[in-house]
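# Return a 3D structure for these sequence lines:
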Amino acid sequence: MVTKTIFFILFSSSFFFSGCDTTKVDSKDFNTLLKEEKFSEVIERLEPTASTDDEYLALGAAYMGLSSLKISDVINKICKSSETQEGSSLMAFTQSAKYDKAKCDVPLSYLNKATTYFLYVIGDKCSTEPESLSLFERDVCVYKGLSQTMEAVTTLNYIQEDNKLKASSCAMEYALKGTASECSIFVKGDVQFVNNTKTYEAVYVYVDGSEYEYLLEKSQYGLKKLIITDGYCKIDDAENRTEDKDVASSSAYHVCPVNLNEAVSDTQEVIHPNVNQFIVDSFNKGTEAILIGSDDKLLTKTVDGFRQEIYATRENNEKHELIDEEDMLLYLKQQNR
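Numbers count the residues shown, from 1 in each chain. Predicted structure coming up:
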């Protein structure tokens, strides 16, 4: 079920584009476009001159829609996952919320853009001033939280695509600890993609008779982060991605980093996000914002249940708020068993 308050506010003409400026486009026009899922048209007409909270919220909703995961759909899928009788409700939600590649092949870019617009409206007030939030601000916290939670869930879908969750867990463990307890690791060497100044360490993970390539971001302090990838591409042509493993078997190809600016920005700047940014940071911030902003008991109970499943993997079962990379790693390894 979709929470009545959120559904009403999302499509209420008294919410979006209210005001006295008669030069603005009729609010009903944009509400209709959002309900008809004409998200690109909303973005095309609003983005060049957007300057108000109403406009930023509409753009956030439109970008979430472009990701093939509308706000109302995300809420429904979260609540539906609470009906899971066996296994993890978080993984059940993750499976149900897979992005539709036929509709969108850059979901993380769109979701990150949606989060950016919601943050224009609410900033960090969801976490820094939770007691003083107005009803309007609480609803914006929920929008932001849903978008960030979907960033985490979409990243989980990236790393477990093609049944490679175990290999991805090993790559995360290797990046975090320098070793992998359940896989063999071979360091292939450094890789640098055109239009990006960063150099990545390419590693092969061997598990259950299969080979998987991963890219690790290195820092000056020796820390490593697993880069989010999708498909395969050449280092001098990262914009043309292929899913064809036979084509990608050529030595000219590597797993292809996701670019957060792909299809959402005119800038040439390339931003390759890492797993920690989205599986850990976005999950923490997103679920926290939903719990702070929503008064829907089923939604908050289910989202809190996602966090409790991860807390339960801790040896001491401690339940402090922030989930770190090791918590998420232990949780994902548990899903392999």
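# Phi first, then psi, for residue 127.
Backbone torsions for residue 127, taken as degrees, to the nearest 10, come to phi -100, psi -30.
# So, low pLDDT: which residues of the stretch 51-200 of the chain?
85, 101-104 (pLDDT under 70).
# so where do the helices sit in it?
53-66, 71-81, 89-96, 107-122, 125-128, 135-160, 165-177 (DSSP state H, counting those that start in this stretch).
# mind putting these in CSV, mean neighbour count included?
The C-beta positions use only the backbone N, C-alpha and C, and glycine is treated the same way. Below are those laid out as CSV (neighbours: other Cβ atoms under 10 Å):
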stretch, mean neighbour count
helix 53-66, 24
helix 71-81, 20
helix 89-96, 20
helix 107-122, 24
helix 125-128, 17
helix 135-160, 24
helix 165-177, 23
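# Of these, which is nearest residue 228?
Proximity to residue 228 (Cβ to Cβ) singles out helix 135-160 among those, at 5.6 Å.
# what's that closest one packed up against?
Packed against helix 135-160, as judged by 3 or more Cβ pairs under 8 Å, 6 or more residues apart in numbering; DSSP states H and E, are the following elements: helix 4-10, helix 53-66, helix 71-81, helix 89-96, helix 107-122, helix 125-128, helix 165-177, helix 283-293.
# Now do that helix: distance to the chain's middle.
When C-alpha coordinates are averaged (Cα atoms, centre = their mean, to the nearest Å), helix 135-160 and its chain have centres 7 Å apart.
# From here on, call the first residue 25.
Sure, I'll start numbering at 25, so the last one becomes helix 159-184.
# out of the helices and strands packed on helix 159-184, nearest to residue 354?
With Cβ to Cβ as the yardstick, what comes closest out of the helices and strands packed on helix 159-184 is helix 189-201 (9.3 Å).
# Out of the helices and strands packed on helix 159-184, flag the one nearest residue 281.
Taking the helices and strands packed on helix 159-184 one by one with Cβ to Cβ, helix 131-146 is closest: 11.0 Å.
# For residue 240, the count of nearby residues, please.
20 (other Cβ atoms under 10 Å).
# Next, the angle helix 189-201 makes with the helix or strand harbouring it.
Following DSSP states H and E, one finds residue 240 within strand 234-242. Angle, strand 234-242 to helix 189-201, by axes from the mean of the first three to the mean of the last three Cα atoms, to 10 degrees: 30 degrees.
# quick one: buried residues of strand 234-242?
236-241 (16 or more other Cβ atoms under 10 Å).
# strands paired with that strand, and their directions?
strand 224-231 (antiparallel), strand 248-250 (antiparallel) (DSSP bridges).
# And the contacts of that strand?
For strand 234-242, contacts defined as Cβ atoms under 8 Å, 6 or more residues apart in numbering pick out 188, 191-192, 195, 198-199, 212, 215, 222-230, 248-251, 253, 278-279, 281, 296, 298.
# Please export the alpha-carbon coordinates of that strand; CSV is fine.
Extracted C-alpha coordinates of strand 234-242, given in CSV (Å, rounded to 0.1, in the frame of the first residue of the first chain):
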residue,chain,number,x,y,z
SER,A,234,34.3,-18.9,-12.2
GLU,A,235,36.3,-15.7,-12.8
TYR,A,236,35.1,-12.2,-12.1
GLU,A,237,36.9,-8.9,-12.7
TYR,A,238,36.7,-5.9,-10.3
LEU,A,239,38.2,-2.5,-10.1
LEU,A,240,39.6,-1.0,-6.8
GLU,A,241,40.1,2.7,-6.2
LYS,A,242,43.4,3.2,-4.3
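# picking up where we left off before, quick one: closest of the helices and strands packed on helix 159-184 to residue 270.
helix 189-201 (19.6 Å).
# quick one, the closest one and helix 113-120 angle?
120 degrees.
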